[in-house]
Each structure stands twice: as structure tokens, then as C-alpha cells.
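Undergrad: just the structure for this:
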Amino acid sequence: MLRPASLSRDLQSDHSAPLLIHSLHETRSSVLSLAASENYIFSGTQNHVISVRTQVLCHARQLTCNGLLALEYAKEKEWLFSSSGIWSTVSLEPLYVIDPYLETGAGDLFSIVWSPSLQTIFIGCQNTSLQCYPQTGRGSPDSDGSSVAPVPQAFLTIPPSNVIDPAHWGYVYCMVLLTGSNDAIQLATGSGTRPLRFLWDCTSNGLKFNHEFTCNHGAILAIVARGETLYAGCQDGYVKVLDLETKTLVRTIIIQEGVDILAMSLMGSDLYTCSANGWVKRWSSSFDCTASWNAHDGIVLSSIVTKRNGPQGGYCIVTGANDDHVKVWEINPPKVTMDEGNDGVTSLTMTYALSKFVSIPSVSCNASNREDCRQAAIWLKKCLGQLGAHTAMLPTGEGNNPIVLATFEGTHRSQPKPRILFYGHYDVIAAPPKGWTSHPFTLTGRNGYLYGRGVTDDKGPIMAVACAAAELLSRRALEVDLVFLIEGEEECGSTGFGETVRKHKDLIGDIDAILVSNSTWIAEDRPCITYGLRGVVHCAIEISSGLPDLHSGVEGGGTTEPMSDMIKILSTLTGGQRRVQIPAFYDHVRPQTEEEKELYKLLSEVTHTPASSLASRWREPSLTIHSLEVSGPKNATVIPGTVKAQVSIRIVPDQDLDTIVKSLCDHLKYSFKAFQSPNTLRVNVEHTADWWLGQLDGPWFQGLESAVQEEWGIEPLRIREGGSIPSIPYLEKEFGCHALHLPMGQSSDQAHLPDERISLVNLHKGKAVAERFLLKMANK
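TA: Below you'll find the model as predicted:
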């Protein structure tokens, strides 16, 4: 089942849709464009007619002309620009005819804007060109407000010197004029293909290319701007929110997937989107949907916000569609309230997104959940995209779950930015219902904790770091590139992860440091940083007689039993005091330093656990026999023909992984050979992962440590763990940089167990720590 991907909350009420003031019919004619002056509403139609209505909605007249895909009102001139000419909005008579370069070769004129300060018309053409015509000094007419109808004075013929061809690799569907804080004029243009050359500097000498944004959702069909924020409406129902100062993508709004957005308008901080299914929606500054209504029985092609004349005053949004109607809706400016600020908004977004993420049972080790895992990857890709990242899906081979790659790009600058890779996993362990107080795949809040499978391992930390990046983007404070690499096979061995990363290394890019958040604290109330993990070797041992299962009352004593051989061979692996008996096993174990002994002493006081116990679990190697499995019915009278055992070894610095694997296999084979048994031994090393030890004296670790201390108000504990995360040492070696491990949850979070949880305080402070860390590392 496809799950709704939008992170925008539905904040509509029963009375949120605006009131329809008037519906105006255009006989057998689509409404392609709209403009409004103080006295008139102008609608450009398919019948090559500009319909003019007074603000009190009485029909005034029709102006016949060609090319009505775009209309633009120039208030200071009292002119109406259309795709074919200029009209007086006082006399409603033509002033000029626009003659583009190449005339009909330019094709339809899709978009037009007027710059009062530059006295220049900018035109976007079907033939992919941008054209402009400077009015100043050319004998252009100035309206004196007279009611006398002027005679068209000239053709405005655009010279080839005022043409950029091609400006895009597709039709120039839309454009908007921007004025920066230093009064610099820029033009943003949208096209039908990508990459999209988007931003131009407007000078007295013409247009100069400034910046190119990319869009992964097809053609850009509508653009509006407020201040230095640009909204680009795309095919397939997406709006890209771009910050012009930092030249970054800060958010993606999913309006309705698969439905094109053909027009947009702004009323203060409220964004109105008009879609091909006839619906208009209103979005708040926090990107939440506050109103939606079925405005037309057809494709909404145009919209404009204007003031209302008359005693009522106020504002209205005018919409036009291919249902032959212009409709006028009463709207109100957004209310000014004491809101939560950006941090409050992204915190709400974080928990809302986490509830959706947890609801997907992405259990990677169950074949029945394979499609759920794929849906989790699709959802996560869309989620990170909405938060401001550029996203992609990396296949990991047939039968394996894909990797989600998402890059939050920091502010564009001349010097290279640090690039940090955040590693995590969207797959979870199975969650049998026994032992759960609430449904494992329904995020449930109780007593300051959020409960649900994956909430601490690892979906909660993923959302916290992603929302930290989104928060910094919204504040124009993200000065690093943060690359998310989220896999879906971590809980069952990271199958295909290494090969996929190696294959797509150029797409991932250079990496300066790796951040991981995939574990918990050692206690309840003291933050920690993990700086070490043991490695692991998982081995399957099988001993078989080659015979069917036998009855012990018939064959007992007359055959060499595989179970007896298995017990003997397993007994050779460990001796007294849990010492591993594999030859040379301990030769390269790094001795414990005095500094480590002091650290374990401190940790012992915090956890009330003997220091020797902590050391043996974290920094000493071990061997574990996990299970025995027999063929046959498993009753007390059967001699099984085959016996299997699962064994694992945990390795530590400075043991060599390949050497330990070879030593284990050799030891098992030599020991079995000494039995002189007729049975057959098979040894299969199923999975390995190297140990990992962080660099404690490096700037990255120190930056993370100080970020934790500043947020929590106490120095974090430095801890190690006895478990393994295969991807950490692999990524370090692959990208040639150091990894950092920031645990977010508490020791009681029940990862992999019933009632898995994470504290709301830990989740929000984890996000804040990530923000502080990214800010600190901007200049490293």
C-alpha cells in the first residue's frame, strides 16, 4: 500500500476554504492568463481576447489580440503587457506591438515581466530563448491618465543583441522579477527540462547568467517569490522552495503527487497553489496545508491576488481554468501570531515524520516484509527531499533493499565546504506483539517517551539529524554539505552495501568525516559518545554422517555420532576463564593503557558495574556458541545425521580480521582431523565486520564532544560497545576519513526488544546537538 509521503500537516478547519464572490463565464474559452489593476481584472483567453471587467465585476469590453499566454500589469505606467503588445489600462487602447526576434520563429511567448527600475520588458519564448526590450530612451509612450485613446505608436522590435538563445533546453514557461536588499535586479526563469538555468542578473547591458538550480520533478510551470525565497511549481505536484541568498534548496512541498501545478500566487506568507485537477490549496509559512477547495471543473491555468475595491475592501484571489470560468474568491492576509518559531515548527515536523516512518514495518530479515522495506525507502527519499535534500535511490542488487542517498547542500561559497556523511539504516528487527504495551508500528507517546519499533534504532536518530539540517537550512546557517547514506539491510548483515557504495562513490562525492547515531547511552541521565566497537566473525559449523537419522535403540554404539563430534570440537574453542583456545588468538590484542583504566573506573562508578566487566565486554575479544540444530524429529531416541552450530567471535584492536578468520577455520579443521572421525565437517564464515576505534584527539571528535557538552550542560562520557556496526570501519577505509558515533537514546530504550522507546527530551536534544556540531565544523 502506498503511504502518504507529505510532511505537511493538514490544519484545515470546516470554514477554512474562502468564500466564492463571483463566477465569470468565458464562452468556449480557456482562461490562460490573469492580471489586475486598481479598476480592472484582465483575463487572457484561448480565443485571442482580453476580457476586461471592472473590480465590481461588470463587463467593460474585450480587446482582440494574438498571444495571451501571459499578462503583466505595470502600475506606474498604467499599462497592460500581453504576449503580443502593450495596452493602456486607462483608455483600454493598444500602445505598442511586441515584435520578438525571429518573429514567428520565437514561437509562443509563454511568460512576460516588466522591470520598472530598468524600464525593460523580459520575455520567455517557446523556442527556449530569453528576450528583452529596454524602453528607456526609445520614445516610449507615457500614459498621462487621459481618456483620449492613443494610436499605436510603433512596433517594439527586439534586436538579436537582446536575445539569449538558448536560455534553457525547453520552453520558458514562467519567470518572476526579484529585487535584492541592495536593489539588485534578478530574473528567475523556469523551463520544461532539467538542469534548470534559473537565475539571471538584470543589468543595463542585458541579462547575465548567475546560478543554476536543479529540479528532479520535471518541468517548472509556475514561479512566485517573496523576499529572497523562491517557490517553483513543478510537474507531478511538487513545489521547490529555494533560498536565493544561500542558493540552497530549503524545502520541497508535496501538493498532490502526479498532478501538475500550473499557477501559484502569494498573499503575504501564504502560498496558493493551483493544480491540474481543479483544486486550489493554501500553505502556511510552516508549509502546512491550511485550506483546500475544488475551485474549477477543469485545469486551473492561472491565478492572481489583488485588492478589492469598494466599501468592503480586503483581498481576493482570482483563478482561471479551462472550464471557461474566471472565479473570484475572498481571502484574508495570514494572521500574525506568536508562533513557535522555526525550531518549534521543525520539532513538530520531526515527530510527525517519525510517526509515519515508524508505521512502515520495514523488517529486513522477513521475506514477507520485503515490499514494506521498499516502501520505507521510497517514503524516506521523499521525506528527506521535502526537508531540503537532493535525493536518489541506489539499488543494492536483486532481492536486497535499496540505499537512500540524500544531500543537504550548504550555502554556496567560493571555498570548498566540509562534507559530512551521516550513516543510518531504515530497516528494523521483527516485533512480535507479545510484550508490547502498544502496537509496535504505531508511534505512541507515554510519560515523555515515544514507543514503537525502530524509534531508537535507528529511525528516530535519522529524523533528528535530518530535521537539524532542515532547521539550519531555514536559518541560512548550513555551511557544510551533509550527505545521508541510509541502508535497508543493516539488521541482517548489510548485504550489498559495500559494493553499492563503491559503485556510486562519484555520486556520493568526497567525504571529510562520518557521523553515526545507532546506539544508546550507558546509563539514563548522562550523555555519551561512543568511540569504539568490537568486530565480529559469524561462523556456521556443520558435521554430517552422510546417513539418515537413526534410532539410538538400534544403532546407538555402532556409529560415530555427529553430535558427539560437535560437542568435542566446540569444547576445543574455549577453556577456563572463558579464554579462547585458538592459537595466537590474543597475540595482537592492544594492552590497556592507564588512561583507559581511569576511564573504566569512572564508568564503573556511574553504572555501578565492575570496571573489569566493562572492559571484558568492550575491549577484550570473546567467543560465543549461539545455537545447536539437529536434523530429524528432535526427540530423545534419534541420532541426528546432521548437527549444525552457530559460533561468533568478537575481535578488538589490533587483531587482524582476516587472520582471525583463517585461524578459526584452521583450528576447527585441525581439531576435527585429530578425531579421525568418518563424519564430514563443513565450516562457513557467513559474515564479518572489523573493529572500530575513533580518533579522540582529532578536531571532529572534539567538536562533537563540545556540542554535546554545550547542549546537555555536562561533559559526555566516552564509552565503547561490545557490538559491531560493519559499515563504520568500511566507510572509514573507503572514504579515507574518521567516523564519529553519537548515541541518542538511553540505556533503557529496549532496542530490539518489546516496548522499544526513546525519550522526547533525548530526541529533541539529539537534534540540537547535531545542529551545534554542524555549525562548529563549518570551517574545519
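Undergrad: run a quick neighbour tally on the nearest residue to G460 once chain neighbours are set aside.
TA: Closest residue in space to G460, ignoring its immediate chain neighbours: I758 at 4.8 Å, by CB to CB, 6 or more residues apart in numbering. Glycine gets a C-beta too; all of them are placed from N, C-alpha and C. Using other CB atoms under 10 Å, I758 is surrounded by 28 other residues.
Undergrad: I758 should be in a strand, yeah?
TA: Yes: per DSSP: H, G, I helix; E, B strand; the rest coil, I758 lies within a strand segment.
Undergrad: could you list the low-pLDDT ranges of the stretch 301-450 of the chain?
TA: 336-345 (pLDDT under 70).
Undergrad: now the helices for it?
TA: Assigned by DSSP state H, counting those that start in this stretch, the helices in the stretch 301-450 of the chain fall at 341-358, 370-386.
Undergrad: quick one: which of those helices is nearest Q746?
TA: If you check each of the helices of the stretch 301-450 of the chain against Q746 by CB to CB, helix 341-358 wins as the nearest, at 16.9 Å.
Undergrad: I figured the residue nearest to G460 hits M744, correct?
TA: Yes: counting by CB atoms under 8 Å, I758 does reach M744; the two are 6.9 Å apart.
Undergrad: what's the overlap in contacts for those two?
TA: Contact criterion CB atoms under 8 Å, 6 or more residues apart in numbering; residues shared by I758 and M744: T456, G460.
Undergrad: list the contacts of the residue lying closest to G452 once chain neighbours are set aside.
TA: Closest residue to G452 apart from its sequence neighbours, by CB to CB, 6+ apart: V358 at 4.0 Å. The neighbours of V358, taking CB under 8 Å, 6+ apart as the test, are F441, T442, L443, G452, R453, G454, V455, K459.
Undergrad: about what we covered before: so what's the residue nearest to G460 up against?
TA: By CB under 8 Å, 6+ apart, the contact list for I758 reads Y449, L450, V455, T456, G460, M744, G745, Q746, D749.
Undergrad: derive a ChimeraX selection command for the buried subset of these.
TA: To isolate the buried members of the contacts of I758 in ChimeraX, using 16 or more other CB atoms under 10 Å:
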select :449,450,455,456,460,744,745,746,749
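Undergrad: which of the contacts of I758 fall in helices?
TA: When DSSP state H is applied, the contacts of I758 are split such that G460 fall in helices.
Undergrad: can you tell me the element L668 falls in?
TA: L668 is part of helix 657-675 when elements are defined by DSSP states H and E.
Undergrad: average model confidence for the helix or strand just after that helix?
TA: Downstream of helix 657-675, the first helix or strand assigned by DSSP H and E is strand 680-689. For strand 680-689, mean pLDDT is 95.
Undergrad: in strand 680-689, what counts as buried?
TA: Going by 16+ other CB under 10 Å, strand 680-689 has these buried residues: L681, V683, H687, T688, A689.
Undergrad: ok, the second one - contacts?
TA: Under the criterion of CB under 8 Å, 6+ apart, the contact partners of V683 comprise C539, A540, I541, E542, L664, C665, L668, K669.
Undergrad: bridged to it, which residues?
TA: Beta bridges link V683 to I541 when assigned by DSSP bridges.
Undergrad: what are the ranges of the strands in the stretch 551-700 of the chain?
TA: 622-630, 638-639, 642-651, 680-689, 692-693 (DSSP state E, counting those that start in this stretch).
Undergrad: among those strands, which is nearest L478?
TA: Of all these, strand 692-693 comes closest under CB to CB, at 27.5 Å.
Undergrad: list the contacts of that closest one.
TA: Outside strand 692-693, the residues that touch it by CB under 8 Å, 6+ apart are Y531, G532, L533, G535, P653, I725, I728, P729, E732, A739.
Undergrad: is the first one within a helix or a strand, and which one?
TA: With elements taken from DSSP H and E, the one containing Y531 is strand 528-533.
Undergrad: what's the mean pLDDT across that strand?
TA: When pLDDT is averaged over strand 528-533, the result is 96.
Undergrad: could you give the mean pLDDT of stretch 511-519?
TA: Per-residue scores along stretch 511-519 average to 97.
Undergrad: go ahead and confirm P583 touches Y670.
TA: No: using CB under 8 Å, P583 makes no contact with Y670, being 9.2 Å away.
Undergrad: looking at it, Q750 is touching S759, isn't it?
TA: No: contact criterion CB under 8 Å: Q750 and S759 do not qualify, at 12.0 Å.
Undergrad: where does the stretch 551-700 of the chain dip in pLDDT?
TA: For the stretch 551-700 of the chain, applying pLDDT under 70 flags no range at all.
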